[in-house]
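Engineer: What follows is a predicted structure for the sequence shown.
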Amino acid sequence: MSRKLKFIYFWLLMMMQSILHAQHPDTLTRNLEYQIEWFIENTEIELDFSELTEEIEKLVANPVNINSRDREELRRLFFLNEVQIQSILAYTANYGDFVSIYELKALQGFDPTVIRKIIPFIKIAPFEERRLQLRDAITRGEHSILMRYQRILEKQEGYLPVSDSLLEIEHNARYLGSPDKILLKYGYDYRSQIRWGFLAEKDAGEEFFRGTQKQGFDFYSAYIYGRDLGKIHKMVVGDFHATFGQGLVMWSGLSFGKSGITGGMPHTARGLTPSTSSNEIYYLRGGGITLGLGNFEISTLASRIALDASTSVLDTLEPSEIIEGLRTTGLHRTISEVDLSKNIHLTTLGGNISYTGNIFKAGFTIASENFDKAFNYQTGLYNLFQQPRKSQFTIGTDVCIYLRDFVLQGEIARDVEGHLAGIFNANFQPDPRLTLAFIYRNYDKAFQNYHSNAFSENSGVYNEQGVYIGFRASVAKQLELTGYADYFLFPWFKYRVDGPSKGREYFIRMDLLMDEKTRAYLRYRFEQKEINTKEENRKLNTLSPRKYHNVRMHFDYQPIEEWKFASRAEAIFNYTLEGNSRMGFLIYQDVTWQPFRLPISISGRYALFDTETYDERLYAYEHDMLYSFSIPAYYYKGQRIYLILKYSLYKNLNFWLRFASSIYWNKDEIGTGLEIIHGNTRSEIKAQLIWKF
Amino acid sequence: MKRNFRYVFLLLLILPSSLLSQGWEGINGTAAASMDISGVSYPGEWSGFSNPAGLAFISKAYASLSFENRFQMKELTLKGVSIGMPALGGVAALSGVHFGNSLYSEQRYNLAYSKRLGSAFYSGISIDYCMLSQGNGYGNASGLTFGLGLLTGLNENLMLGAYVFNPVKIRLSKNIQSEVPVMMKLGLLYSFTRELIATAEVVKNSECKAAVQLGVEYNAFGTFAFRTGVSSWPGSFAFGIGYHPKHLKLDVGAGFHPDLGLCPQAGLIYSF
């Protein structure tokens, strides 16, 4: 959802930018909040989204000069598509430098919404050849150090005292380490051109500098990255991401999929980028390089990462170890989790060649994935076509065509056994006030590729066909409508779906922009999917549809200086197979105080929630410290509060402190397994320090 | 007396739990009740209970009485009294409500203060004393809690109100079920014209399902007000009429529930 940014907003924010240094432009950040909220709603995977915030931060600190005549530089404006970038480049090539932002109006693909969106992130400076001086690159950049600590205050089962005799029988009855979670991060950045960084993380329950973690932290990561180094367009060593085409062959980082398309954050491949997050999966480790030869770009990459897996020894003439299941949590808290740690390796080799013309871009991607052990999954029928292979080799080709008001994109990929996956996507803007999107995808039930990440309803890129039709319309100056319909079918069984199934989803959102400080939206979402019917006397499962209706109203307002408020009420109705409906409800009030005269800001929330079961849970974005995200699911019955304080000790030295607590009125135990809290309250404390110099 | 006791006991068993803790929900005044709304975004003399921020709309000292009966049962009557006046740069009000009879009653006394902080921004706070009384020598239990509210103009026609009551969820006595419910409300008030307003609110009480409540008020001939509204939980509707000559506001109304029946209401407000 592209929300219009009014001048006052970025004027204010740019001003605060110089004062507080860490405040980011609202629209994009809010957009991001909304995307992340939705991402988690859909995938239920909690990830470290800091790379995205960092990207926005870097754009603010170092805006893009639209006269730079440098495609890579313009691509930093990641919310622009290739047509828009191409039209900026064509303009500067034909008419010389932009003198005013108003000239953008004349360009194809730049309606007032887009222009307002990019203004905070661009500057208009005379064109000059960027020559990288090695000395400057090393000495004149910005260093940043981040330290974060967090901990659940209530004792969880895994940390309770236990007798040695019990531990002897049950090795995994307790966590090995303390409940503290610690993150250390260092980064260096010179104009987004030269970057390097280092990260170390200890999760709650993991040991620290002793026992199983003699090396200290459980997870370490580092990278060195360079861009625009003559013929070398990009270069990265260490941990990185690679995203090419539409993501069918190689997309190792985050992707917002459906929410991104609607939200105006297109699924744009960015080639090689450093991995700066603490996600212990979804990254590549090794190196990559992108060379530019005229209109061609050639990228190659090599990576070898250690993964967690349960393995067993196959009892054959030559005993060999096989993989029984991959673990993707990255947590190493108990003896068994440590035992499974990093015991298999995945080697990835990949490459991409792409050609960028005036009205089109075409690319070809290959990826080869090799595990050092074979798989032997003992799973149900639903995984019949997804038995992982030890070696994978996938090729794909993608095309992007820009024709006046149309953007057509597509990619088709073939895996080692010849199974195909394809996606086609058309974007049409007949009028600056209307954007239409159409996406068709067809992924074979047996298509298999480890680093695929493309638009899908399923969590993986396989076993799915679907059509998505979406729109975004500025109906009136103050009214914006966004909506889509998505129809999908799954040709083969899925987990808890014993048969081919189908479903649909409708979404509509109405945004009211009352003035520069006041906005509201109303959102409705409907989803229907088929799942197994639970009937005890039946030997065979049959499928029946399950329907969800979700309504939300949300208000953001700033009635007086220094104070910001947000109110939300949301309900979900779950029509279960038995024909009865269950309801989930959430209501909250947010307050933020940002005094101009004091170097602090305080933000808090009070929320009431009441859901009949976990199935009716609702997600809501919470204010958190910079680079940290909190989007908890609200479920069962109770209340939640949080309070966050930001204190700018010095211009470039910021401190955050956050307390959050949920009380469940109808529970006397929270969580499962070793995470159980014997009580009805779960609280968390978090502190963070960021120093930039 | 004995018959009464049995009556109440039976009622407590068969009626929805929403009937319990009615006294602690406060009394929102006849104008709001006859629109079947709580009045979170409908400021007035009874805002102390519905959203203390609304008191700031009052310009003169007032005294008010309000009655609400539920389903024509004598035991299920809410009686309220409220006085308020501009004070300390804002408006302060003292209100009280009594629900029940001599054998079982719930009372809430509310001291509220509201102040206008921006051109169209009002905030309010209330300190609330909740009491439960049981007859036949069972005694009383009581506790202190608070409420916070705000009202803000989103544009010249639209106003938003938000209110939270008892976020600390006090319990009056350890021995009996006596938890005062937490309430949170979010409402909008839209003025079509000076004469016609509509309100929509979402109300969540920790003991009940969330409710959506819609109300309309039409002011005619300068001194008359006609009101009606619906509530999704417990599935009721209401209407009423008000007569507002100088200094005086006289309101009567009735709510209906298809299964439970009629709820007559009446209120009187005198402004000095």
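Structural biologist: Right, received. Where do you want to start? Numbers count the residues shown, from 1 in each chain, chains lettered A, B, ... in the order given.
Engineer: Quick one: name whatever helix or strand follows the helix or strand of chain B with the lowest mean pLDDT.
Structural biologist: Lowest by mean pLDDT, DSSP states H and E among the helices and strands of chain B is helix B:2-14, with a mean of 47. Going down the chain from helix B:2-14, the next helix or strand is helix B:22-25, by DSSP states H and E.
Engineer: So which residues of the chain form helices?
Structural biologist: Unless you meant another one, I'm taking chain A. In chain A, the helices defined using DSSP state H lie at A:7-20, A:26-43, A:50-61, A:71-75, A:82-95, A:112-118, A:134-139, A:164-169, A:257-263, A:335-339.
Engineer: should've been chain B
Structural biologist: Using DSSP H, the helices of chain B run over B:2-14, B:22-25, B:30-33, B:47-50.
Engineer: Give me the domain ranges for chain A.
Structural biologist: Split into domains by automatic domain parsing, chain A comes to A:64-123, A:147-404.
Engineer: pLDDT on the first one, on average?
Structural biologist: The average of the pLDDT scores along domain A:64-123 is 80.
Engineer: How about residue 144: what's its closest non-neighbour residue?
Structural biologist: All of this refers to chain A. Excluding its sequence neighbours, the residue lying closest to A:Ser144 (C-beta to C-beta, 6 or more residues apart in numbering or on different chains) is A:Lys692, at 4.5 Å. In short, each C-beta sits where N, CA and C put it, glycine included.
Engineer: That was the other one, I meant chain B.
Structural biologist: That would be B:Tyr129: by C-beta to C-beta, 6+ apart, it lies 5.6 Å from B:Leu144.
Engineer: can I assume the one you found is in contact with B:Val97?
Structural biologist: No. Contact criterion C-beta atoms under 8 Å: B:Tyr129 and B:Val97 do not qualify, at 11.2 Å.
Engineer: Those two: which is more packed in?
Structural biologist: B:Val97 (26 against 14; other C-beta atoms under 10 Å in any protein chain shown).
Engineer: Look up the residues forming beta bridges with that one.
Structural biologist: Applying DSSP bridges to B:Val97 gives these bridge partners: B:Gly80, B:Arg108.
Engineer: buried residues in stretch A:685-693?
Structural biologist: Neighbour counts over stretch A:685-693 (16 or more other C-beta atoms under 10 Å in any protein chain shown) mark A:Lys686, A:Ala687, A:Gln688, A:Leu689, A:Ile690, A:Trp691, A:Lys692 as buried.
Engineer: Redo these as JSON lines? Include pLDDT.
Structural biologist: Shown next, in JSON lines, are those (pLDDT from 0 to 100):
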{"residue": "A:Lys686", "pLDDT": "95"}
{"residue": "A:Ala687", "pLDDT": "95"}
{"residue": "A:Gln688", "pLDDT": "94"}
{"residue": "A:Leu689", "pLDDT": "94"}
{"residue": "A:Ile690", "pLDDT": "92"}
{"residue": "A:Trp691", "pLDDT": "93"}
{"residue": "A:Lys692", "pLDDT": "89"}
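Engineer: Tell me where the stretch 551-693 of chain A has strands.
Structural biologist: Assigned by DSSP state E, counting those that start in this stretch, the stretch 551-693 of chain A shows strands spanning A:563-575, A:581-593, A:600-611, A:618-619, A:633-634, A:637-650, A:653-664, A:681-692.
Engineer: Including distance to A:Arg333, could the ones you listed go into CSV?
Structural biologist: Shown next, in CSV, are the strands of the stretch 551-693 of chain A (distance: least, C-beta to C-beta, whole Å):
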stretch, distance to A:Arg333
strand A:563-575, 33
strand A:581-593, 31
strand A:600-611, 29
strand A:618-619, 25
strand A:633-634, 22
strand A:637-650, 25
strand A:653-664, 22
strand A:681-692, 17
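Engineer: For B:Ile83, which of those is the nearest?
Structural biologist: For these, proximity to B:Ile83 was assessed by C-beta to C-beta; strand A:581-593 is nearest, at 28.8 Å.
Engineer: Quick check: residues of the stretch 101-250 of chain B near chain A?
Structural biologist: B:117-121, B:150, B:152-155, B:158, B:160, B:162, B:164, B:167, B:169, B:182, B:184, B:186, B:202, B:204, B:206, B:209-210 (C-beta under 8 Å from any C-beta of the partner chain).
Engineer: what residue ranges in the stretch 201-350 of chain A score low on pLDDT?
Structural biologist: A:254-267, A:315-319 (pLDDT under 70).
Engineer: Near chain B, which residues of it are found?
Structural biologist: Not one residue of the stretch 201-350 of chain A sits near chain B, judged by C-beta under 8 Å from any C-beta.
Engineer: related to what we said a few turns ago, residues shared between the contacts of B:Tyr129 and B:Val97?
Structural biologist: B:Arg108, B:Asn110 (C-beta atoms under 8 Å, 6 or more residues apart in numbering or on different chains).
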